[in-house]
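K.L.:
Let me see the structure of the following:
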Amino acid sequence: MSQATRILLALIAGIALGILAVTIDGPVALAIASVTRPIGEAWLHGLQMVIVPLIVGLLVTGIAATAEAAKAGRIAGRAVLLFVIVLWGTTLMAAAVMPLLLDLWPLPAAWSAALRQALTAAPAVGTVPTLTDFFDTIVPTNVVAAAAGDAFLPLTVFTLAFAFAITRLEDAARHRLTELFRAITDAMLVIIGWVLKLAPIGIFALAFGVGARTGAAAFGALIHYIAMVSTIGVIVLLAAYLVARFAGGVPIGRFARAVAPAQAVAISTQSSLASLPAMLKGADEVGVAPATAGIVLPVAVAIFRATSPAMNLAVALYVARWLGVPIGTGQLAAGVATAAITTMGSVSLPGTISYFASVAPVAFAMGVPIEALGLLVAVETVPDLFRTVGNVTMDVAVTSVVQRRD
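P.N.:
Next comes the predicted model:
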């Protein structure tokens, strides 16, 4: 049985047993939940404790890889520019579309209230940050304080500047620093691997309390979440066809036939890397020269994920609406910037790890509590299908654009 299956079963069992327990004896069930909740929160804290060094390490090594790719030649540099444009474009799309989706198909108020009570104390509304507040805080005055306070946007801005500064050093110094941060990243991934081995226990502990306090609302909310976040992935997927048609000059029918085998591999493996051979063949079928595809697609698979910033931001916005956290212009701008920048640091990671490494910084930047992520990661398998298929499709689409502009 795969770890993802064990995690999903732990979620279902926890919620179901919580519902059953509260049906049999409510006070006893809530007493048990008061014991299981700290266990689940301790597991969540185990993941949270490595996020700062992991994000810093991933960003430094990701920027280094991006810079190396851009230096590799004119085709690679053009591909990097196009992918950055796509990343920011899809992120802005999610910022505009996700609130509209939540307005059109809102989570029932009773469910939201019950889940908010089960997961966390209702956050104080206070003053919603404005766009002026965003610019006032985007550059850190003390990067150590930013890291200690989970201020991820200013920390990300500093790390981004630091990473680009490293790319300007002489080769020996650049390689030493890059390898240092790669080693830090690898060590953090080992710790996360240890924590994730306990995921079924931690998620079961969290889910039992949610089931006991909310009943069947928990299952309904999870289905609602899957539908909302997956919709953002579908939009990115469909946008790839438009990119291929209007920017790459490839008829939609031809593009659809060419990319279908790569999409099938992506669905069956949930891996962009495993889809690469089929992507290369699909690119050839839409008229991309093998030399061009052989440069662009490996760079795309190694460095970029077209759906990630949009869907990561969508998760944070969903949790904010779920928990009743108001999102002002400043918070939304912080979320957009953090999602678009940090996505280059979550590549080539297992889905569970990349989920926390990518979504948690966005949530922190927007002031959104992350308790819900411990439950949502258990159902990430379904949205992850749309992530992978969207990534593969957009990679081939952008490759066709590079070929046309060459």
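K.L.:
can you give me phi and psi for residue 105?
P.N.:
As for residue 105, its main-chain torsions (degrees, to the nearest 10) stand at phi -130, psi 70.
K.L.:
is it true that it touches residue 223?
P.N.:
No - assessed by Cβ atoms under 8 Å, residue 105 is found out of contact with residue 223, at 11.5 Å. No exception for glycine: its C-beta is placed from N, CA and C like everyone else's.
K.L.:
biggest helix in the protein, by residue count?
P.N.:
When the chain is scanned for its longest helix (criterion: DSSP state H), the result is helix 74-104.
K.L.:
how far is that helix from where the chain is centred?
P.N.:
The chain centre lies 13 Å from the centre of helix 74-104; the measure is Cα atoms, centre = their mean, to the nearest Å.
K.L.:
got it, and stretch 24-36?
P.N.:
Centroid separation for stretch 24-36 versus its chain: 34 Å, with Cα atoms, centre = their mean.
K.L.:
Mind listing what's buried along it?
P.N.:
The neighbour-count check on stretch 24-36 (16 or more other Cβ atoms under 10 Å) flags 29, 32, 33, 36 as buried.
K.L.:
ok, the last one touching residue 205?
P.N.:
Yes - under the criterion of Cβ under 8 Å, residue 36 makes contact with residue 205 at 4.1 Å.
K.L.:
which residues sit in contact with the residue nearest to residue 205 when sequence neighbours are not counted?
P.N.:
Once flanking residues are discounted, residue 205 sits nearest to residue 40: 3.6 Å by Cβ to Cβ, 6 or more residues apart in numbering. Residues near residue 40 by Cβ atoms under 8 Å, 6 or more residues apart in numbering: 202, 203, 204, 205, 206, 207, 209, 374.
K.L.:
Isn't residue 403 up against residue 284?
P.N.:
No - taking contacts as Cβ under 8 Å, residue 403 lies outside contact range of residue 284: 10.5 Å.
K.L.:
which of those two has more neighbours?
P.N.:
Higher neighbour count among residue 403 and residue 284: residue 403, with 21 against 13, using other Cβ atoms under 10 Å.
K.L.:
Give me the nearest residue to the more buried one, chain neighbours excluded.
P.N.:
Closest residue to residue 403 apart from its sequence neighbours, by Cβ to Cβ, 6+ apart: residue 288 at 4.4 Å.
K.L.:
so which strand or helix has that neighbour?
P.N.:
Secondary structure assignment for residue 288, by DSSP states H and E: no helix or strand.
K.L.:
and it, how many neighbours?
P.N.:
Residues near residue 288, counting by other Cβ under 10 Å, number 26.
K.L.:
For it, give me its contacts.
P.N.:
Neighbour list for residue 288: 399, 400, 402, 403 [criterion: Cβ under 8 Å, 6+ apart].
K.L.:
still on that earlier bit, now do the shared contacts for residue 403 and residue 284.
P.N.:
Common contact partners of residue 403 and residue 284 (Cβ under 8 Å, 6+ apart): residue 293.
K.L.:
Could you pull up the residues touching residue 33?
P.N.:
Applying Cβ under 8 Å, 6+ apart to residue 33 gives the contacts 18, 208, 209, 212, 213.
K.L.:
Model confidence at it, what's the number?
P.N.:
Here, the pLDDT recorded for residue 33 equals 86.
K.L.:
Now do the strands in the stretch 151-300 of the chain.
P.N.:
Counting by DSSP state E, counting those that start in this stretch, one finds no strands in the stretch 151-300 of the chain.
K.L.:
least trustworthy helix or strand in this structure by mean pLDDT?
P.N.:
The weakest-scoring helix or strand in the chain, judged by mean pLDDT, DSSP states H and E, is helix 131-137 (a mean of 63).
K.L.:
Give the next helix or strand downstream of it.
P.N.:
Sequence-wise, the next helix or strand downstream of helix 131-137 (DSSP H and E) is helix 143-148.
K.L.:
Next, the buried residues of that next one.
P.N.:
143, 146, 147.
K.L.:
my guess is the second one contacts residue 139, does it?
P.N.:
No - the criterion here is Cβ under 8 Å, and residue 146 misses it with residue 139 at 9.8 Å.
K.L.:
list residues touching both of the two?
P.N.:
With Cβ under 8 Å, 6+ apart as the test, residue 146 and residue 139 both reach residue 154.
K.L.:
distance of residue 336 from residue 362?
P.N.:
Distance of residue 336 to residue 362, computed by Cβ to Cβ, to the nearest Å: 9 Å.
K.L.:
So which of these two has more stuff around it?
P.N.:
Of the pair residue 336 and residue 362, residue 362 is the one with more neighbours under other Cβ under 10 Å, namely 31 against 23.
K.L.:
now the more buried one: how far from residue 342?
P.N.:
According to Cβ to Cβ, residue 362 stands 7 Å off from residue 342.
K.L.:
got any residues that touch both of these two?
P.N.:
Residues touching both residue 362 and residue 342 (Cβ under 8 Å, 6+ apart): residue 152.
K.L.:
neighbours around the residue nearest to residue 376 when sequence neighbours are not counted, how many?
P.N.:
Spatial nearest neighbour of residue 376, excluding adjacent residues (Cβ to Cβ, 6+ apart): residue 225 at 6.2 Å. Counted by other Cβ under 10 Å, the residues lying close to residue 225 total 23.
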